[in-house]
Structures are given as C-alpha cells and as structure tokens.
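Undergrad: next come a sequence and a model predicted from it.
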Amino acid sequence: MTAAIRSILTPSAIVRLILGWGAFAALLFAGPLLTPPVAGPLLVTALIIIVGVILICAFGVVHEAEHLARRLGDPYGSLVLTLSIVLIEVVLIAAVLLGPGEHATIARDSVMAVSMIILNAVIGLCLLVAGLRHGSLAHNRTGVSTYLSLIIVLAALAFALPALIGANGSYEEWQEIPIIVLTIGIYAFFLYRQMGAQAADFHEVDPRLTQIPAEVGASDSVPPKLSIVEIISTHRTEIIVRLVLLIATVTPIVLLSHDMASLLDDGLGRLGAPVALSGVVIALIVFLPETITSVRAAWQGEIQRVSNLCHGAQVSTVGLTIPTVLLIGLLTDQPIVLAESPANLLLLGVTLLLSVTSFAAKRVTAMHGAAHLVVFAIFGITLFS
C-alpha cells in the first residue's frame, strides 16, 4: 500500500502542490502591495507568475484525471474531474455572495462566460482537432442527447425565464423555491441515471475505439468487464489518493484565478478593455484542466469523452450554481439577477441550436467545430460592443 501511495505522490506531484499553495499563500501576504492601482511592472510580473503556476498545476490535474478515467472508465472518470472543478467554483461564487458588497450578477456573468467557453470554444476546438486528425467520428447520440436536453431546460430556467416572469431580471421570492427544487431534482435524477441504468449511454461507440484488434483471436480469453463497485473495491487506495491529490491540485488553480481577478480588472481597465473580458479570462483559466483533458481526448479520437467532459461540465455548472445562488439570495435577502441581455440570449440560443444540430448527426466533423468557434468569436465581439 505504501509503495502504491509513493507511486502516486511523486516528487513532481509534491512540487506542484507546493507551488500552487505557496503562490496562494504569497498572494495573501502580499495583499497590500497588490491592491489596485498596482505599478505596471509589478502587475505584469504578478500575472505572469500566477499564470505560470496555474499552468503547472493544470498539467498535474490532467495527469491525475486521466489516471482516474482509465481506472474508473467513463462516465465516472470524466465526472470526477468535472465535479471537482465545478464544486470548487460554486463554493467560491457562494463565498463572494456571502461577502461584503453587491454581487447581484456574479452568477449570471460567470455561468454565461463558462457556457460560451465550454459549448463553443472548447467543443469547437475539440471537434476541429478530432475532425482534422481522424475524419468524421461517431458519438453516442443517446448520451449526448441526454446532456443537451438538460442544458436547454436549465439554460432557459437560468437566463430567459427570469426576464419574462420575474422583476428586474430576478425571480420573485415565491418563484425561487420551485425553481431551486426543480433544478436540483432534475440534476440529481440525471446523476442517478448516468451512474446507473444509463451508464452505457456515455461510452464510446466509434468502431475505431471499440472493435477488437485483428491480432486478438476468437479463442483468446477477454477478461470480463468489472462493475464500478468492483473497481472501487479492488483499487480503493489508489482511487482515494488520486482523488484527494486531484482536488488538492485543482483548488489552488481556482483560488489563484479569483485572486488575480482584481489584477486583471486593473490591467484591462488601463488598456480600455471591457470589464466583462476579465470574467471570460478567469473562466478560461478555471476550466483550463478540463480544456486540456478534452483536447487530448479529441486528439485520440475519443469524441464521446469530449462530450462527457464538456457537456457534463455545462450541466453541472448550471445545475449546481443556479440553485446555490438562489438559496443564498433567499437566506440573505439579496437580489440575484439572472436574466441575460438580448444579445447574449441570442448567442445562447444559437449555441444550443448549433449543439443540437451538430450532435444530431451520426458523426461529427471538423466543420461542426469550425461553426462553434465562429459563434465564440462573435461572443468576443459582443464583449467589445
């Protein structure tokens, strides 16, 4: 057992932990020096160091996530990485809401930025990479359809409905309770089905990944596939240690990303860039480990794993963030503005329609990816408009 733990807690893994948490501690101690306005050279230096540490930690997260994915198999392996990042992000948004100041739109702005990044930038890049390298790729349409059906419903509840039945972009108090119950209920039912009766709907189906190699004869014995309970029982120590290490490595990424928000706001303000651009940059950094993992899966032709990571992250982000912030709003009597602008609602509608169209086909191609990337570019244009 000790040898197994030592093989996981390698010197490089320990160095990543020290760098990540050390940088976070340094930011706490250097707080007065980094309070805006910050001198130009110090601002640039701090941002370079933070981004460098985040990149180092991100590759550590990807390393652990891929080991867990191979051990647990999909959808469980992808779900571990997704929930680790999303849960920490939700906790931090909740901490901001519970802190001083007015932050009525933080959930809306964060989730919208994440939605555009995941559904257009990351998926677009993955489909483009996979399509150019492997040609058209088959995906498990039942599983992707399940994701997209939830994304459409949750996005409508989060961004569109408050503008129609609420007041000033927020739900009325009596409306918030059923929205919270419905959102948590459908998300919990989704997880229950995904990890149980519908687990096979999230497995790879492309023949290039599922067919038995020609060198394996019919007489050769193929070991039976273990259930998730048997896998966890057999490899309990490895799974627990890797899961703890993954969370311990991803946490400083999120903490550093939010700590650098004020620095980014300061720098972008001097450049005359829109304030909303800072939120997009932060969201890109927070989901960097998942982005790297998704692109690597696309490079290997694992297009269903790309869907599990990206669409799963989108479902979890909306399914966990919206009820959490609404509940905090009820308990603290502060408004939670969720209704989006007409421009962003249009882009979200185009994104959802494009997602359904792309994955309704039997195979996805590089052209589908290019279309998603164009929508993300248009989202960037709206930030400067």
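TA: Done, it's in.

Undergrad: buried residues, stretch 269-280. List them.
TA: Neighbour counts over stretch 269-280 (16 or more other Cβ atoms under 10 Å) mark 273, 276-280 as buried. Using the backbone N, CA and C atoms, a C-beta is placed for each residue, glycine as well.

Undergrad: now, those that are in helices?
TA: Using DSSP state H, the members of those that fall in helices are 276-280.

Undergrad: Phe359: which of those is nearest?
TA: Val280 (24.3 Å; Cβ to Cβ).

Undergrad: residues touching the residue lying closest to that closest one once chain neighbours are set aside, list them.
TA: Computed as Cβ to Cβ, 6 or more residues apart in numbering, the closest residue to Val280 that is not its neighbour in sequence is Ala113, at 4.8 Å. Listed by Cβ atoms under 8 Å, 6 or more residues apart in numbering, the contact set of Ala113 reads 276, 279-280, 282-283.

Undergrad: repeat that with 10 Å
TA: Neighbouring residues of Ala113 by Cβ atoms under 10 Å, 6 or more residues apart in numbering: 276-284, 286-287, 344, 379, 383.

Undergrad: of those residues, which is the nearest to Leu68?
TA: Phe287 (17.6 Å).

Undergrad: surely that closest one touches Val122?
TA: Yes. Between Phe287 and Val122 there is a contact under Cβ atoms under 10 Å: 7.4 Å.

Undergrad: for the two, indicate the residue with more neighbours.
TA: Shown here are Phe287 and Val122; by other Cβ atoms under 10 Å, Phe287 has more neighbours (29 against 26).

Undergrad: torsion angles phi and psi at that one?
TA: In terms of degrees, to the nearest 10, the main-chain angles of Phe287 are phi -100, psi 20.

Undergrad: any shared contact partners between Phe287 and Val122?
TA: Common contacts of Phe287 and Val122 (Cβ under 10 Å, 6+ apart): 294, 309-310, 313.

Undergrad: now stretch 189-209: buried residues?
TA: For stretch 189-209, using 16+ other Cβ under 10 Å, the buried residues are 190-191, 194, 199, 201-206, 209.

Undergrad: still on that earlier bit, what is the nearest of the contacts of Ala113 to Pro178?
TA: Taking Cβ to Cβ as the measure, Pro178 lies nearest Asn344 of the contacts of Ala113, at 24.8 Å.

Undergrad: that closest one contacts Thr105, doesn't it?
TA: No. Look at Asn344 against Thr105 with Cβ under 10 Å: they stay out of range, at 11.8 Å.

Undergrad: of those two, who's got more company?
TA: Of the pair Asn344 and Thr105, Asn344 is the one with more neighbours under other Cβ under 10 Å, namely 21 against 18.

Undergrad: which pLDDT value belongs to that one?
TA: According to the prediction, Asn344 has pLDDT 92.

Undergrad: next: Thr234.
TA: For Thr234, the pLDDT comes out at 78.

Undergrad: neighbours of it, how many?
TA: 12.

Undergrad: could you shift the numbering so residue one becomes 684, and keep it that way?
TA: All set: I'll call the first residue 684, so the last point we hit is now Thr917.

Undergrad: so can I have JSON lines of the buried residues of stretch 872-892 showing secondary structure and distance to Val734?
TA: Compiled in JSON lines, the buried residues of stretch 872-892 are given as follows (DSSP: H, G, I helix; E, B strand; the rest coil; distance: Cβ to Cβ, whole Å):
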{"residue": "Phe873", "secondary structure": "helix", "distance to Val734": "34"}
{"residue": "Leu874", "secondary structure": "helix", "distance to Val734": "33"}
{"residue": "Gln877", "secondary structure": "helix", "distance to Val734": "34"}
{"residue": "Ala882", "secondary structure": "helix", "distance to Val734": "37"}
{"residue": "Asp884", "secondary structure": "helix", "distance to Val734": "38"}
{"residue": "Phe885", "secondary structure": "helix", "distance to Val734": "33"}
{"residue": "His886", "secondary structure": "coil", "distance to Val734": "36"}
{"residue": "Glu887", "secondary structure": "coil", "distance to Val734": "33"}
{"residue": "Val888", "secondary structure": "coil", "distance to Val734": "38"}
{"residue": "Asp889", "secondary structure": "coil", "distance to Val734": "35"}
{"residue": "Leu892", "secondary structure": "helix", "distance to Val734": "34"}
